[in-house]
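Undergrad: here is my input, please return the structure:
(4 chains)
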2 protein chains.
Amino acid sequence: MADKAEAVRRGIPTLEEVATRAGVSRATVSRVVNGHPTVRPEAVESVNRAIDELGYVPNRAARSLASNRTQAIALVVPETAARIFADPFFASVVQGVATTLNDTDYTLTMLIGSENNAAKTRRYLLGGNVDGAIVISHHTGDHSYKDLGQVLPVVFGGRPLGDSPGAVVVDVDNVDGASRAVTHLIGRGCRHIAAISGPQDMRPGVDRRLGWQEALLMAGLTPGPEVVGDFSTESGLAAARRLLELDPTVDGLFAANDQMAMGALQALREAGLHVPDDVAVVGYDDSFFSSTIEPPLTTMRQPMIAMGSELATTLVALIEGRPVDPVTLLRAKLVVRASA
Amino acid sequence: MADKAEAVRRGIPTLEEVATRAGVSRATVSRVVNGHPTVRPEAVESVNRAIDELGYVPNRAARSLASNRTQAIALVVPETAARIFADPFFASVVQGVATTLNDTDYTLTMLIGSENNAAKTRRYLLGGNVDGAIVISHHTGDHSYKDLGQVLPVVFGGRPLGDSPGAVVVDVDNVDGASRAVTHLIGRGCRHIAAISGPQDMRPGVDRRLGWQEALLMAGLTPGPEVVGDFSTESGLAAARRLLELDPTVDGLFAANDQMAMGALQALREAGLHVPDDVAVVGYDDSFFSSTIEPPLTTMRQPMIAMGSELATTLVALIEGRPVDPVTLLRAKLVVRASA
DNA sequence: TTGTACGCGTTATCAG
DNA sequence: CTGATAACGCGTACAA
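TA: Residues are numbered from 1 along each chain as shown, chains lettered A, B, ... in the order given. Got it, this is the predicted structure:
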């Protein structure tokens, strides 16, 4: 106890000091520390004791220099998401990555990839400062770092629209999620199910639209009217009004995100329609306001922490040369509240 | 252009290669790289050109090993806040720290200080892996890392209740914030201002209570009734009911956080009282739901990004031996909405 | 199974 | 102002 405290106070001992204390060579200590198998048990014992008594901690820099590995991985967050953390999306992913990495020997260094330092970021990544990188790109098809994967182990969070050749990706399954959302509507008895889709130049936009169609198809129903919005509340409001004009018999509505669903709720209220009795509504994302609006919104929640976790384990596997799925898709979770 | 790309492809060149190409010694290159003043201009020129042509990037590990500095700082987030990032508080602080550090030569490594790895975290911090650390502790008086400051440059985000000797701290000024919130109520014409306080074993709890009293005192008003809650919505609901019993003439209400304010809103509604006409309500924190509830809540917004930023610059100053204020207090911002 | 010796890329000391 | 050269702490062929 006292010894250890003392050791710390004096500064971290070196591998060499451990060696002399254990009565072996530095090489042997190194072997023990790195779990090399070919060491006599007694030696292992003696070394470990010395390590304990001295409070030895390997010097990261020296180790990195000698082994040419860093035991560090970078989390790159494109500035496009400056508001990043305001967005629970990113916040949760970061949390997932951080906690998962905490159980490994890897260290997490955060990089905000802003305009003025994009080059700096690249240099950092390529400069041998990390063993690999996680790049999370929001809905936007940001591919500033697309080519990075050829030089450094990289795992991407979220897929851009165009398929990236040979890139390792972890993403949420928007097709499946939307499909299940709509299936919930069907299960509720809805037969005329309309959609407010998202922009068709973003992956989630097209995928969720696909899911809507897919579910309807599988149930043998014909898709109701569809209007494309831009993920904003206003567009949702406008879209819902238009939808009601197009087909007054609509009894179910799938909105590609909660913002638009919220707008739609207002339109339905204006039209004197009751939710969910006249029209059932389901959104997507489980945004922060979704549980507090009237009526509370049924929606799909994205497994963001799990995504972070998956990103981390996948990257570590990649770095360590273990086989890795090129694409991992995560399932969203249906959250049933009052609107459907 | 092509040279540079080629250089990258071949792997990062070493300082030595730059030296031979520039026709000087490694020592000189090192001096130039580190902005050492005593180098002949022509030499500087020549070295810089070589660096540029070769696409040289200093090796972090080697530099760290030789200089005994890491150019890295740790951000320690106690697991107590496992939900951490769900909490916009932490998310924004992290963002502030990350972006600010991005403009320096320091790297940010994130540590989640969980139970099972508290020792590991300490070892990491003490093991010479970072030049300094930022420890953010939420409302809770977590002082697991209180003593760290004596061994390593550390800046704390948020003050524990008991004063920490010699610790460098950045915090929000809750007394001032609460005072200004109440002053807003007074300015609105309220004369019987009650309070729903937070737990008195947390710093924000006592400080906000203090601010409430202070503002009243300065305005020559006598404090209305007070009930202590636990920062939950339910406690706010109960507290407000009790308050109304204690003094039906209350025309202003200060809640120590938005959760409790939200509960209070419900109690007032039940009592048939109109907000803000009968009773004006102001909360604290500007929680995510505060703008969407009915009526939208007037509240104090904490400058969390600024706090992160301040934490970063303070730590860097500390590390580099520049003078530093032991305590930095940040002002909250009054956000006026419909409730007051 | 263990030890020797060299190298990793920089910084820093000290002559020159 | 500049150039040798010795650390820095560790990994690892190679030899024993």
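Undergrad: ok, the residue of chain A found nearest DNA strand C - how many residues close by?
TA: Per Cβ to the nearest atom of the strand, A:Arg40 is where chain A lies closest to DNA strand C, at 3.0 Å. C-betas here are computed from N, CA, C, even on glycine. Neighbourhood size, A:Arg40 [other Cβ atoms under 10 Å in any protein chain shown]: 10.
Undergrad: got phi/psi on the closest residue to A:Gly205 other than its chain neighbours?
TA: Residue nearest to A:Gly205 in three dimensions, not counting chain neighbours: A:Gly198, with 3.4 Å by Cβ to Cβ, 6 or more residues apart in numbering or on different chains. When read as degrees, to the nearest 10, the backbone of A:Gly198 gives phi -100, psi 180.
Undergrad: quick one: the strands in chain A?
TA: Ranges of strands within chain A are A:72-78, A:107-113, A:132-136, A:154-157, A:168-172, A:193-197, A:226-228, A:252-255, A:280-282, A:299-301, A:327-330, A:333-335, based on DSSP state E.
Undergrad: make JSON lines out of these and add distance to DNA strand C.
TA: Below are those laid out as JSON lines (distance: least, Cβ to the nearest atom of the strand, whole Å):
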{"stretch": "strand A:72-78", "distance to DNA strand C": "16"}
{"stretch": "strand A:107-113", "distance to DNA strand C": "19"}
{"stretch": "strand A:132-136", "distance to DNA strand C": "19"}
{"stretch": "strand A:154-157", "distance to DNA strand C": "22"}
{"stretch": "strand A:168-172", "distance to DNA strand C": "27"}
{"stretch": "strand A:193-197", "distance to DNA strand C": "52"}
{"stretch": "strand A:226-228", "distance to DNA strand C": "52"}
{"stretch": "strand A:252-255", "distance to DNA strand C": "54"}
{"stretch": "strand A:280-282", "distance to DNA strand C": "56"}
{"stretch": "strand A:299-301", "distance to DNA strand C": "47"}
{"stretch": "strand A:327-330", "distance to DNA strand C": "34"}
{"stretch": "strand A:333-335", "distance to DNA strand C": "48"}
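Undergrad: give me whichever of the ones you listed is most buried.
TA: Of the strands of chain A, the one with the most neighbours on average (mean count of other Cβ atoms under 10 Å in any protein chain shown) is strand A:252-255, at a mean of 32.
Undergrad: switch the strands of chain A over to TSV; also include distance to DNA strand D and mean pLDDT.
TA: Below are the strands of chain A laid out as TSV (distance: least, Cβ to the nearest atom of the strand, whole Å; pLDDT from 0 to 100):
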stretch	distance to DNA strand D	mean pLDDT
strand A:72-78	15	88
strand A:107-113	15	85
strand A:132-136	17	91
strand A:154-157	23	91
strand A:168-172	25	92
strand A:193-197	53	97
strand A:226-228	55	97
strand A:252-255	54	98
strand A:280-282	54	98
strand A:299-301	43	97
strand A:327-330	30	95
strand A:333-335	43	97
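Undergrad: could I get those strands as CSV with distance to A:Leu216?
TA: Formatted as CSV, the strands of chain A follow (distance: least, Cβ to Cβ, whole Å):
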stretch, distance to A:Leu216
strand A:72-78, 35
strand A:107-113, 40
strand A:132-136, 32
strand A:154-157, 30
strand A:168-172, 21
strand A:193-197, 6
strand A:226-228, 11
strand A:252-255, 9
strand A:280-282, 13
strand A:299-301, 16
strand A:327-330, 21
strand A:333-335, 17
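Undergrad: to B:Asp247, which of the ones you listed lies closest?
TA: strand A:333-335 (41.2 Å; Cβ to Cβ).
Undergrad: is that closest one positioned near chain B?
TA: No - using Cβ under 8 Å from any Cβ of the partner chain, we find that strand A:333-335 stays clear of chain B, coming within 15.3 Å at best.
Undergrad: which other helices and strands does that strand contact?
TA: Helices and strands touching strand A:333-335, by 3 or more Cβ pairs under 8 Å, 6 or more residues apart in numbering or on different chains; DSSP states H and E, are helix A:174-187, strand A:299-301.
Undergrad: buried stuff in the first one?
TA: Residues A:174-186 are the ones in helix A:174-187 that count as buried (16 or more other Cβ atoms under 10 Å in any protein chain shown).
Undergrad: just stretch A:227-244 next, same as before
TA: A:227, A:229, A:231, A:233, A:235-241, A:243-244.
Undergrad: torsion angles phi and psi at the residue in the stretch 201-340 of chain A that DNA strand D sits nearest to?
TA: Nearest residue of the stretch 201-340 of chain A to DNA strand D, counting by Cβ to the nearest atom of the strand: A:Glu320, 13.4 Å away. Here is the backbone geometry of A:Glu320 (degrees, to the nearest 10): phi -90, psi 10.
Undergrad: and the spatially closest residue to A:Ser25 that is not a sequence neighbour, how many neighbours?
TA: The shortest distance from A:Ser25 to any non-neighbouring residue, by Cβ to Cβ, 6+ apart, is to A:Ala19 (5.8 Å). Residues contacting A:Ala19 under the criterion other Cβ under 10 Å number 18.
Undergrad: and A:Ala19, what pLDDT?
TA: Model confidence at A:Ala19, expressed as pLDDT, equals 92.
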